[in-house]
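Visitor: Just to be clear, the model below is a prediction. Sequence and coordinates:
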2 protein chains.
Amino acid sequence: MPRTKAKAGEFKRSPCPVANTLDVIGDKWSLLVIRDLFAGKTIYSEFQVSPEAIPTNILANRLTRLIEHGLVEKSAYQERPVRYAYTLTQKGRELGPVLLEMVKWGEKYFPGSKAMMKK
Amino acid sequence: MPRTKAKAGEFKRSPCPVANTLDVIGDKWSLLVIRDLFAGKTIYSEFQVSPEAIPTNILANRLTRLIEHGLVEKSAYQERPVRYAYTLTQKGRELGPVLLEMVKWGEKYFPGSKAMMKK
């Protein structure tokens, strides 16, 4: 993907807030992980039983990216072996309205689809 | 990407409206094309001067997909050679609230970013 860093100054693609948001969550999986976090899931095994059956490597990649972007934080809930729990930060929780608008649109245009997150 | 068609019945990945929505607009470009359509752009040359400098092949692919999903329609505005103008359908326009929530989040978390669509 071509970058327009020179043109866009400090922004990755452009100064558009939508473009910048899509650089963080514009893929088929990130918002599903965020949806699961909103639903109270915190550990790998919980994310993996979601109906989309996210592959482990994609889950690991997306959680790492979401942490790097400050949307998710992790904390050890067990030692030897260490295991981590993941939760949304304030920045991540503020994506709630984006998700809710997708729920509304999806429920309208995919009849029979059913929201899994709290509304 | 593994498909879970057997498990999910008539849905591509799951009965979740967010997952189904992401199957249509979950990439880094589709919502930028929709943003441009909201801003009144209708023809290739107008989309291509947006600051993200969308590559022509990606623009063509995304417009085709958006038409297939019923979010965009095209009509010839010139014959010999035929040229098309693209506009949002009602279904496409109803993604406005999703975009607006991304604008709000992006403007908050990417200081200096500036909305290009009408609010």
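Guide: Okay, I see it.
Visitor: and A:A6, what pLDDT?
Guide: The score at A:A6 is 40. That number is its pLDDT.
Visitor: tell me the helices in chain A, going along the chain?
Guide: Secondary structure of chain A, counting by DSSP state H: helices at A:5-8, A:17-25, A:30-38, A:44-48, A:56-68, A:90-93, A:96-109.
Visitor: In terms of mean pLDDT, which of those helices ranks lowest?
Guide: helix A:5-8 (a mean of 42).
Visitor: got the end-to-end distance for stretch A:33-42?
Guide: 10 Å (C-alpha to C-alpha, to the nearest Å).
Visitor: which residues are in contact with stretch A:25-36?
Guide: A:24, A:46-47, A:50, A:52, A:54, A:58-59, A:62-63, A:65-66, A:71-72, A:88, A:92, A:95, A:98-99, A:102, A:116-117, B:1, B:16, B:18-19, B:22-23, B:26-28, B:31 (C-beta atoms under 8 Å, 6 or more residues apart in numbering or on different chains). For glycine as for every other residue, the C-beta is placed from the backbone atoms N, C-alpha and C.
Visitor: next one: stretch A:106-119
Guide: Residues contacting stretch A:106-119 (C-beta under 8 Å, 6+ apart): A:35, A:38-39, A:50, A:99-100, A:103, B:10-11, B:15-21, B:91, B:94.
Visitor: Tell me the buried residues in it?
Guide: The neighbour-count criterion (16 or more other C-beta atoms under 10 Å in any protein chain shown) identifies A:G106, A:E107, A:Y109, A:F110, A:S113, A:A115, A:M116, A:M117 as the buried residues of stretch A:106-119.
Visitor: Count the neighbours of A:Q48 for me.
Guide: Each residue near A:Q48 was counted by other C-beta atoms under 10 Å in any protein chain shown, and the total is 15.
Visitor: residues touching it, list them.
Guide: Counted by C-beta under 8 Å, 6+ apart, A:Q48 has contacts A:I54, A:T56, A:L59.
Visitor: Highest neighbour count among those residues?
Guide: Going by other C-beta under 10 Å, A:I54 tops the contacts of A:Q48 with 23 neighbours.
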